[in-house]
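J.: Fold the following and give me the result.
(chains A and B)
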2 protein chains.
Amino acid sequence: MMKAWTIKKPGGIEQLELVDRPIPEAKADEILIKVEATAINRTDIITRERSDLTKPYPILGVEVSGIVEKESESHPELKIGTRVAGIVNRGAYAEYAVIPANRAIILPDAISLIEGAAIPEVFLTAYQTIFWLGDLKLDDKKGEKTILIHAAGSGVGTAAIQLAGRKIGGAKIIATAGSDRKLALAKELGAAVTINYRKENFAERVLEETDGQGVDLILDFIGASYWEQNLKSIAVDGRWILIGTLGGSEVEDFSINSLMQKRVSLHATLLTPRSDDYKAKLTEEFSRIILPFFEEDIIQPIIHSVLSFEDLPEAHRQMEADENTGKIILTID
Amino acid sequence: MMKAWTIKKPGGIEQLELVDRPIPEAKADEILIKVEATAINRTDIITRERSDLTKPYPILGVEVSGIVEKESESHPELKIGTRVAGIVNRGAYAEYAVIPANRAIILPDAISLIEGAAIPEVFLTAYQTIFWLGDLKLDDKKGEKTILIHAAGSGVGTAAIQLAGRKIGGAKIIATAGSDRKLALAKELGAAVTINYRKENFAERVLEETDGQGVDLILDFIGASYWEQNLKSIAVDGRWILIGTLGGSEVEDFSINSLMQKRVSLHATLLTPRSDDYKAKLTEEFSRIILPFFEEDIIQPIIHSVLSFEDLPEAHRQMEADENTGKIILTID
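T.: Numbering: from 1, shown residues only, chains lettered A, B, ... in the order given. Got it, this is the predicted structure:
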C-alpha cells in the first residue's frame, strides 16, 4: 500500500484526504515510478471541485518527478533507478505513480528531482504554445518578433518568458501582471517591457512600445476581460494563443471586423486533454531541444515554495490565493 | 486614350461613368495587357461606395484577362500576344490594364479568355483558404476530412467546393446556401450534403451528418449571424477560416469556453490587402498545381452571365441583387 491524496467528496480544501491506496500497476507501455516530488496545478483544484466525480474518487495530481521502480518492456532505456519527470493523467499526489513511458522526461544530472517536478506542465505548455501554435522558430532572427505574455508571474508565464525571450526564442517580450513583484521577476527572466495592468491600459502601452504596429503573438491566459485590449494590441497577421480564462469566458459584443482587417489567427488550446501521441511527441521534442538549456543553467524552473507531502492543503491554499510566483512543490520523504 | 469605368462620385450604380483615360504605363516589373474580359467582385461595389475616395476617382475593377501588349524586362516568358489573367489592385474595368508580371496567370489553350477572367479572384481565394490556411493537403487520404462551406452559390463557394471536394482535395463537403437552385449546383460540383439555411438549422444537420463529431474545417463568408452555429458545427481541433461578413460583423455575447474545449483555430483573412510577394507566391503555386485540372476539364470556372463592357451598371445590379450563381463577366470588343 502507499499514501495518496484524494477527496472525501468534491469541494473545498477541507475535502482533501490522505488515504492508503494500493500501489498502481504499470501496463506494458507504462513505467512505475517512486515519486520524489509532485507539483500543484490549477487543474488539480478544478478536479477537486468537480461535482460530477463519482466514487471511488481519484488520486489527484498530474505532475511528478521520481525514480523508475519498474521498467517498461517497450522502453528499455528507462532502467530502474533512472530519474524522470512528467505529466500523468491523474495520480501524482502519491508515493508511487505510473506514467506512459513515452511521456517520461529523463532528467540530466544537473536537474534535481525538486526542479524536475517544476518543469513538465508549465514548460511543455509554454513550448507548445510558443513554438508549435505560436510559430516562433528557434532560428528566427533575434529581436524580429514581439510577444505579449499575460499572467507573467504564473508558472506558464515564467516558463514562456524564458523560452520565447532573448535566451532561446529571441523575441522581444512584453509582459503583463498585476503586481510589481511579479513584473520584477518577469524582467529578470528576460521581459523587455513590463506592464502592471492595474496601473495602465496595456493596449495603449503595447502600441507605444511597437511603433503602433502591435505584437506578432499573444499568449493569453485571461480570456474575456482582456478581449478588446488584445484585439487592439495584435499586429496584422498576428497570432493569438488562448490558453486560459482567468478573466472569465463570456465575451460581450465584439466586432469581427478587426479580426478580419488584421488577419488574426486565434488558436484556443489546452494541453491536458490532448492525445497521448501528441504529448509523447511534445515530450520528445522538448527533451531534445530544451533540456540542454536547463543543464547549462541558461533557463531555470521557477519555484515558489517547497512543502512536505502532508502539507497539500496549504499548497492548494497558496494557489487559490494566487500567492505563488512560479511552482508550488511537495516532496515525499 | 482608352475607355474605362470610373465614378462621378462615391455612391450607387447611377454614379458609374464610362470615360476616356490615358492608357496606363507599365513599370519595369509590370506588363501592359489589352483587356479582353473583366469580372465583377464585391470589393468593386465597396470601392464604388467608399466615401473617403478623392478625385481623380480610380478606374474600378480588380480582375482581368487579356493579351500581353507590352512585355516586362523582368519576365521575358510573357511575350507579346501571350494570353494571361490575373488580379490587379485597381483599373480592370478598362481597355488596357497593367499587372505585376509575377501575378499574371498564363492561360493554357484550353481556357478561353472569358473563362480566364472568371478564375483568378475566386479560385486563388479558395486555394489560399483551403490549402494554405485550412491546411487541407492534396495528398490527404480521400474522404478523411469534412469541410463546411457556406455561401455555396457564391463565386468563392463554387470554386472552393471544386478544389476541396472529391475531384482534388478529397474532402467530404457540406454546403449551405439560401436557395435550392444554388444547392443543386453545389451538389453537381461535388458537395456530398447540401443544407438550405432558410429551411433548417445547419448546425444540427452538420452534427447529424458527422456522427456528432462536427467538421474539420469551416469556410465562413457569413460572420456574425452564423457565429453560434459555427461554434456548434466545428470538430475538436477544427479550423475556422473567416473570409467574409455577409451576415454582419457584430457578434453578441459568446462564450470562449467552446473555443477552448474544441481547441479551435480561427483564421480571419482577406486576399486583397495581402502583400505583392504573397500574391505572387500564391499565383505561382496555383498555376502550377491547379491549372492542369482546368485543362483536363476536371474543374470549371462557374459563369453566371457574360455582358458587354457597356453593361457594367447591369452587372453591378445583378451582384447587388445577389442574383448570380458564379461569376459575372464583361467582355470588351
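
J.: Compute the first-to-last residue distance for stretch A:161-179.
T.: 16 Å (CA to CA, to the nearest Å).

J.: Mind listing what's buried along that stretch?
T.: A:161-165, A:168-177 (16 or more other CB atoms under 10 Å in any protein chain shown). Where you see a C-beta, it was placed from the backbone N, CA and C, and this is true even at glycine.

J.: nearest to chain B, of those?
T.: Distance to chain B across those (CB to the nearest CB) is lowest for A:Thr176, with 18.5 Å.

J.: picking that back up, show only the entries of the buried residues of stretch A:161-179 found in strands.
T.: The members of the buried residues of stretch A:161-179 that map onto strands under DSSP state E are A:Lys172, A:Ile173, A:Ile174, A:Ala175, A:Thr176, A:Ala177.

J.: And for A:Glu144, the neighbour number?
T.: When neighbours are counted by other CB atoms under 10 Å in any protein chain shown, A:Glu144 registers 12.

J.: Three-state assignment for it, please.
T.: coil (DSSP: H, G, I helix; E, B strand; the rest coil).

J.: how about the residues of the stretch 201-333 of chain A near chain B?
T.: A:223-224, A:242, A:245, A:249-257, A:259-270, A:273 (CB under 8 Å from any CB of the partner chain).

J.: Could I have the buried ones of those as ChimeraX selection syntax?
T.: Buried residues among these (16+ other CB under 10 Å), as a ChimeraX selection:
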select /A:223,224,242,245,249,251,254,255,256,257,259,260,262,263,264,265,266,267,268,269
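
J.: Take the residues of the stretch 201-333 of chain A next to chain B and keep only those in helices.
T.: A:Asn257, A:Leu259, A:Met260, A:Gln261 (DSSP state H).

J.: which residues touch the third one?
T.: With contacts defined as CB atoms under 8 Å, 6 or more residues apart in numbering or on different chains, A:Met260 is in contact with B:Leu242, B:Thr245, B:Ser249, B:Ala268, B:Thr269, B:Leu270.

J.: restrict those residues to contacts with chain A.
T.: B:Leu242, B:Thr245, B:Ser249, B:Ala268, B:Thr269, B:Leu270.

J.: what's the most distant pair in those?
T.: B:Ser249 and B:Thr269 (14.4 Å; CB to CB).

J.: From chain B, how far off is the closest residue to A:Ser154 other than its chain neighbours?
T.: Spatial nearest neighbour of A:Ser154, excluding adjacent residues (CB to CB, 6 or more residues apart in numbering or on different chains): A:Phe221 at 6.5 Å. Remark: distance between A:Phe221 and chain B (CB to the nearest CB, to the nearest Å) = 11 Å.

J.: What is the neighbour count of A:Phe221?
T.: For A:Phe221, using other CB under 10 Å, the count is 23.

J.: Please name the residues that touch it.
T.: By CB under 8 Å, 6+ apart, the neighbours of A:Phe221 are A:His150, A:Ala151, A:Ser154, A:Val156, A:Gly157, A:Ile243, A:Gly244, A:Thr245, A:Leu246.

J.: For it, what are phi and psi?
T.: Taking degrees, to the nearest 10, you get phi -100, psi 0 for the backbone angles of A:Phe221.

J.: now that we're looking at it, how far away is A:Thr210 from it?
T.: 21 Å (CB to CB, to the nearest Å).

J.: With A:Phe123 instead?
T.: For A:Phe123, the distance to A:Thr210 - CB to CB - is 27 Å.

J.: Settle it for me: which of the two has more neighbours?
T.: Set A:Phe123 next to A:Thr210 and count neighbours by other CB under 10 Å: A:Phe123 wins out with 24 against 18.

J.: so where does the more buried one fall, helix or strand?
T.: Using DSSP states H and E, A:Phe123 falls within helix A:120-127.

J.: Any idea how far that helix is from the middle of the chain?
T.: Centroid displacement of helix A:120-127 relative to its chain, using CA atoms, centre = their mean, to the nearest Å, is 5 Å.

J.: and what of stretch A:23-36?
T.: 23 Å.

J.: Same question for stretch A:287-301.
T.: Average the C-alpha atoms of stretch A:287-301, do the same for its chain, and the two points are 16 Å apart (CA atoms, centre = their mean).

J.: Outside of it itself, list whatever touches it.
T.: Residues outside stretch A:287-301 that contact it (CB under 8 Å, 6+ apart): A:105-106, A:108, A:110-111, A:115, A:118-119, A:122-123, A:127, A:138, A:159, A:162-163, A:167-168, A:326-327.

J.: which of these are buried?
T.: Buried among the contacts of stretch A:287-301 by 16+ other CB under 10 Å: A:105-106, A:111, A:115, A:118-119, A:122-123, A:127, A:159, A:162-163, A:168, A:326-327.

J.: so which two of those are the farthest from each other?
T.: A:Ile106 and A:Gly326 (23.0 Å).

J.: what is the rounded mean pLDDT of the strand or helix carrying A:Ile46?
T.: Secondary structure assignment for A:Ile46, by DSSP H and E: helix A:42-49. Helix A:42-49 carries an average pLDDT of 93.

J.: and the residue of the stretch 51-200 of chain A nearest chain B?
T.: A:Leu133 (8.2 Å).

J.: Would you agree that residue is in contact with A:Leu270?
T.: No: with contact defined as CB atoms under 8 Å, A:Leu133 does not reach A:Leu270; the gap is 11.4 Å.

J.: thinking again about what came up before, restricted to helices, list the contacts of stretch A:287-301.
T.: Among the contacts of stretch A:287-301, the members found in helices (DSSP H) are A:Glu115, A:Val122, A:Phe123, A:Tyr127, A:Ala159, A:Gln162, A:Leu163.

J.: does A:Ile111 really touch A:Ala117, like I thought?
T.: No: counting by CB under 8 Å, A:Ile111 stays clear of A:Ala117, with 10.2 Å between them.

J.: thinking again about what came up before, for A:Asn89, state which of the buried residues of stretch A:161-179 is nearest.
T.: For those, the nearest to A:Asn89 is A:Leu163 (24.4 Å; CB to CB).
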